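>>> Below: sequence and its predicted model.
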Amino acid sequence: MKTAVIYHEDFRKYDLGPNHPLRGDRYRHIPEVFENDAIKTKQSDIAFIKPKPAADEFVDAVHGEDYLRYIKKMNENGGSLSPDTPIPPGLYDVAKLFAGANILGGRLIAEDISRRVIVLGLGAHHAGYDFGGGFCMINDIAVMIEYLRKHYNIKRIMTIDYDAHCGEGTQDIYYRDPDVLCLDFHQDPMTLFPGKGFAYQIGLGKGKGRTINMPFPPASSDQDYTLAFNEICVPIAAEFQPDIIVANGGLDAHFADPLSQVNLSLKGYFRLMTSIVKLSHQLSNDRLILIMGGGFGPGAVPSGWITMISAMLDIEEVNISDPVEPPGYSEEAGKQSRDMIRKVKMIQKTYWKNL
Amino acid sequence: MRIGIVYHDDFTKYDFGPGHPLRGYYLDGDIAFSLIKSNKELGERAEMVFVQPTPGQEDDILTVHTREYLDFIKGLNDEGGHITLDTPVNKGTYDVARLFVGADIVAANTLMDETFNKTFVLDMMGHHAGMDFGGGFCLINDVAIMIELLRRKYGLKRILAFDYAVNTGHGTMSIFYDTPEVLCIDIHQDPLTLYPGTGFPEQVGRGEGQGYTVNIPLPPFTSDKDYLLALNEIVIPIVNEYQPEVIVMAGLNGGHFTVKINQFIQTLKGLWEIVNIFSKLSDNLCDGKLLHIGGFSVDSRLLPLGFLATIAGALDVKVDLPEPYKMPSNFPDVTSEVVDAIQRVKKVHKRYWKWL
């Protein structure tokens, strides 16, 4: 079964303008990704597929109707969702293309055409039920999740969000939902947008314990993430037994990223993605969709993409190096990370026997 | 008429320390008392009783906040720390927040058992705190806890919470986002220009609560007359249609033109007008049951006058409200932007409110 790679050249139109960190030209590096030697050897395992925009009704299933009317109007005239999120005219159409890409990826998996899917998309995890911001307008991840739940026998969905920023939009949408487990690695929200995603924020009502926030101190590095993955994600995932795993893979936790201060190296990213692949092999019958998210620096594009895709293709070692020597392990951040992991486990063990 | 004024000396301990923007003043009970007594008509109109609150109980707090969040806050109370960058917690801050809770609760109880016709709490409200988040200088949402008490203990089904502080009360609205039993109306400065960056008209509540959150963002330099326009065009028709059983309002003089941490340019007369409108609404709709929260100001000269404006507005007594500072004459006129902002809100809420 081939690994599907979903991409559309119109993704480039998701461009928030000059002087904004999110420019459409980040996608211009995509051809380079598939020129990589190791990935080339797997060429016959890859199927490239072009998506169509999601139909309005699938977007409507996620967001509030008044918010939808508002952003559809903004599609004509442009506007602003927050000071950091200017909206040029036509952006809603592009956002729907990302949502359509995710839906297509989800369908390929649900219909057993492909097991693993890579969407070179957006992962707009800051958009909530009726709010946007953080460069996001519609939550394309949630659009896919709702589509899959409605059309297929997929009930339990696990998202692993390792963008450096907390995915508070996705969490907002599923905060009371016991069937969507949100595991979220991010930089301590005390020090970074969106200021949410603390360890004690665990979901509400029936969704209590279904949001797992892991706030890492600035300067956290590869082995801190590995420890959290092994100590928190692995036991919880095994207990949850997901039907599908959704990796919301931001590359901005890379040390060279200008917008955040987590110090993952490409090796760290590779190990993290490999661990997720392994988890999906053990738990969800290899059903895994990787939605590429943020990432704005030279560590992300294209080398981060090469790293993640290599892991998805079962390449055993990534043959690409960081642009400069990684800062490596910080004792201080390591200690704080261990404290954080202990705290998360203490809070979450009310909800998870395995912890 | 009997009015209750809830006050405690320890309110002043809700203080984030030097260098923090939230340094200010709580109205002293004695000053409040003498202010009211100094006006003959006010003194005659109302019999005033001071009430000293006791701290709210953990059981009350847990009707709103999660156990996990509360444990976190209590840990900070013992050791100090931060909730968010803007919200340091000093030892004992939670204890004062509990006192705010107790103050709101005694105000609600004495209003409901008809000890008083109207009650005023001279504290600051934690309207930025949600079920499991704090920030914006807030730890515990005392207003929401009190509203939960009104629902649970008195079985109220239609509570109006009007928040006229200049920053969106996003904590309170998130807590009641999915219920029609609490109507949250919030007039605030455009969140594109001010903390907390949320509170847009399209955010209307969710599920059964859809339409029962009314966000009214107005532009910087909104003046008294602009504010009144929003009240007349949006708030009054909705409140009349909702028919609340009690009106809770929270604010004070935060939008005054001298307050530097936002850009509204209201005056004391404007404050009188706002409270007067809601007091009359309460008289017409819910036997005068009005609970007002707010006794804090960043300006010591403004504070007593703001309180006077509030009480006098609530009792419908015209008083002299001399501005302590001269109002600059060069503020821009933003009425046309305000009209647009009002239209945007009305367009959204027409679906939910027939009388708009």
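On my side now, so go ahead.

>>> okay, CA-based contacts and neighbour counts for the rest of this
OK.

>>> pLDDT weak spots in chain A?
Along chain A, the model assigns pLDDT under 70 to residues A:298-299.

>>> all strands of it, in order?
Assigned strands in chain A, in chain order: A:3-6, A:46-49, A:79-82, A:85-87, A:116-119, A:157-161, A:180-187, A:211-216, A:244-249, A:288-292 (criterion: DSSP state E).

>>> Equivalent analysis for chain B, please.
Under the criterion DSSP E, chain B contains strands at B:2-6, B:25-26, B:47-51, B:81-84, B:87-89, B:118-121, B:159-163, B:182-189, B:213-218, B:246-250, B:290-293, B:296-297.

>>> contacting residues for A:H281?
By Cα atoms under 8 Å, 6 or more residues apart in numbering or on different chains, the contact list for A:H281 reads A:R287.

>>> How much space separates it from chain B?
Noted for A:H281: a distance of 33 Å to chain B, by Cα to the nearest Cα, to the nearest Å.

>>> Then A:G195?
Relative to chain B, A:G195 is positioned 7 Å away (Cα to the nearest Cα).

>>> So which of the strands of chain B is the most surrounded?
Comparing those on average neighbours per residue, with mean count of other Cα atoms under 10 Å in any protein chain shown, the densest one is strand B:118-121 at a mean of 29.

>>> Which elements pack onto it?
Here strand B:118-121 touches strand B:2-6, helix B:93-112, strand B:290-293, going by 3 or more Cα pairs under 8 Å, 6 or more residues apart in numbering or on different chains; DSSP states H and E.

>>> What are the contacting residues of that strand?
Residues contacting strand B:118-121 (Cα under 8 Å, 6+ apart): B:2-7, B:103-104, B:107-108, B:110-111, B:288-295.

>>> How about stretch B:192-199?
Residues outside stretch B:192-199 that contact it (Cα under 8 Å, 6+ apart): A:81-83, A:131, B:136, B:167-168, B:170, B:190-191, B:215-217, B:220, B:262.

>>> Show the end-to-end separation of stretch B:23-39, please.
Stretch B:23-39 stretches 30 Å from its first residue to its last (Cα to Cα, to the nearest Å).

>>> which parts of it are buried?
Within stretch B:23-39, the residues scored as buried using 16 or more other Cα atoms under 10 Å in any protein chain shown are B:23-29, B:32-33, B:35-36.

>>> now, which of the residues you listed sits nearest A:Y92?
B:R23 (43.2 Å; Cα to Cα).

>>> so what's residue 61 up against?
Using chain A here. Applying Cα under 8 Å, 6+ apart to A:A61 gives the contacts A:143, A:146.

>>> meant chain B actually
B:101, B:140, B:145.

>>> Generate a ChimeraX selection restricted to the buried subset of these.
A single ChimeraX command is used to select the members of those judged buried by 16+ other Cα under 10 Å:
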select /B:101,140,145
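
>>> out of the contacts of B:I61, who's nearest A:D45?
Closest approach to A:D45 among these (Cα to Cα): B:I140, at 54.7 Å.

>>> residues in contact with the closest one?
If you count contacts by Cα under 8 Å, 6+ apart, B:I140 has them with B:61, B:65, B:94, B:97-98, B:126, B:129-130, B:134.

>>> at 10 Å what do you get?
Contacts for B:I140 (Cα atoms under 10 Å, 6 or more residues apart in numbering or on different chains) come out as B:61, B:64-65, B:69-70, B:73, B:94, B:96-98, B:100-101, B:125-134, B:171.

>>> what does A:Y269 give?
A:162, A:222, A:225-226, A:249, A:251, A:253-254, A:275, A:304-305, A:307-308, A:311.

>>> likewise A:F216?
Under the criterion of Cα under 10 Å, 6+ apart, the contact list for A:F216 reads A:164, A:185-189, A:191, A:198, A:224-225, A:228, A:261-262, A:333-334, A:336-341.

>>> same for chain B: which of the residues you listed are within range?
The subset of the contacts of A:F216 within reach of chain B, by Cα under 10 Å from any Cα of the partner chain, is A:189, A:191, A:198.

>>> What spatial separation is found between the first one and B:T84?
A:P189 sits 8 Å away from B:T84 when distances are taken as Cα to Cα.

>>> tell me, what's touching these two both at once?
Common neighbours of A:P189 and B:T84 (criterion: Cα under 10 Å, 6+ apart): A:195-196, A:198.

>>> what's the first-to-last distance across stretch A:294-309?
In stretch A:294-309, first residue to last residue: 15 Å (Cα to Cα).

>>> Tell me, how many residues neighbour A:L313?
As a burial measure, A:L313 scores 21 neighbours (other Cα atoms under 10 Å in any protein chain shown).

>>> That one reaches A:M1, doesn't it?
No. Between A:L313 and A:M1 there is no contact under Cα atoms under 10 Å: 11.4 Å.

>>> OK, contacts around the most far-flung residue of chain B relative to its centre?
In chain B, counting by Cα atoms, centre = their mean, B:E79 sits farthest out from the average C-alpha position, at 29.6 Å. B:E79 makes contacts with B:73, B:89-92, as judged by Cα under 10 Å, 6+ apart.

>>> Number of residues surrounding residue 181?
Looking at chain A here, since you left the chain open. Neighbourhood size, A:L181 [other Cα under 10 Å]: 26.

>>> The chain in question should be chain B.
Other residues within reach of B:E181, judged by other Cα under 10 Å, total 20.

>>> Check whether it really touches B:I175, as I assumed.
No. Using Cα under 10 Å, B:E181 makes no contact with B:I175, being 11.7 Å away.

>>> Near chain B, which residues of the stretch 51-200 of chain A are found?
Neighbours of chain B within the stretch 51-200 of chain A, by Cα under 10 Å from any Cα: A:64-71, A:80-84, A:129-133, A:189-192, A:195-200.

>>> Of all residues in the stretch 251-355 of chain A, which one is closest to chain B?
Residue of the stretch 251-355 of chain A nearest chain B, by Cα to the nearest Cα: A:I347 (7.0 Å).

>>> I figured that residue hits A:R210, correct?
No. Using Cα under 10 Å, A:I347 is not in contact with A:R210; the gap is 12.0 Å.

>>> Quickly list what's touching both of these two.
Contacts common to A:I347 and A:R210, judged by Cα under 10 Å, 6+ apart, are A:201-202.

>>> what about those two, which has more around it?
Shown here are A:I347 and A:R210; by other Cα under 10 Å, A:R210 has more neighbours (28 against 20).

>>> Just to check, the more buried one is in contact with A:L181?
Yes. A:R210 is within contact range of A:L181, at 4.7 Å (criterion: Cα under 10 Å).

>>> Between the two, which contacts overlap?
Common contacts of A:R210 and A:L181 (Cα under 10 Å, 6+ apart): A:158, A:171, A:174-175, A:203, A:236, A:240.

>>> partners of the residue nearest the centre of chain B in the sheet?
Taking Cα atoms, centre = their mean as the criterion, B:A250 is the residue nearest the geometric centre of chain B, at 1.3 Å. Judged by DSSP bridges, the bridge partners of B:A250 are B:D163, B:I293.

>>> hmm, back to that, output the strands of chain B as CSV; include the columns mean pLDDT.
Output for these, formatted as CSV (pLDDT from 0 to 100):
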stretch, mean pLDDT
strand B:2-6, 95
strand B:25-26, 83
strand B:47-51, 93
strand B:81-84, 92
strand B:87-89, 89
strand B:118-121, 97
strand B:159-163, 98
strand B:182-189, 98
strand B:213-218, 98
strand B:246-250, 97
strand B:290-293, 98
strand B:296-297, 87
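
>>> A:G90 is nearest to which of the ones you listed?
Across the strands of chain B, closest to A:G90 is strand B:213-218 (Cα to Cα), at 25.3 Å.

>>> other SSEs contacting the closest one?
Counting contacts by 3 or more Cα pairs under 10 Å, 6 or more residues apart in numbering or on different chains; DSSP states H and E, strand B:213-218 is packed against strand B:159-163, helix B:170-175, strand B:182-189, helix B:224-230, helix B:335-349.
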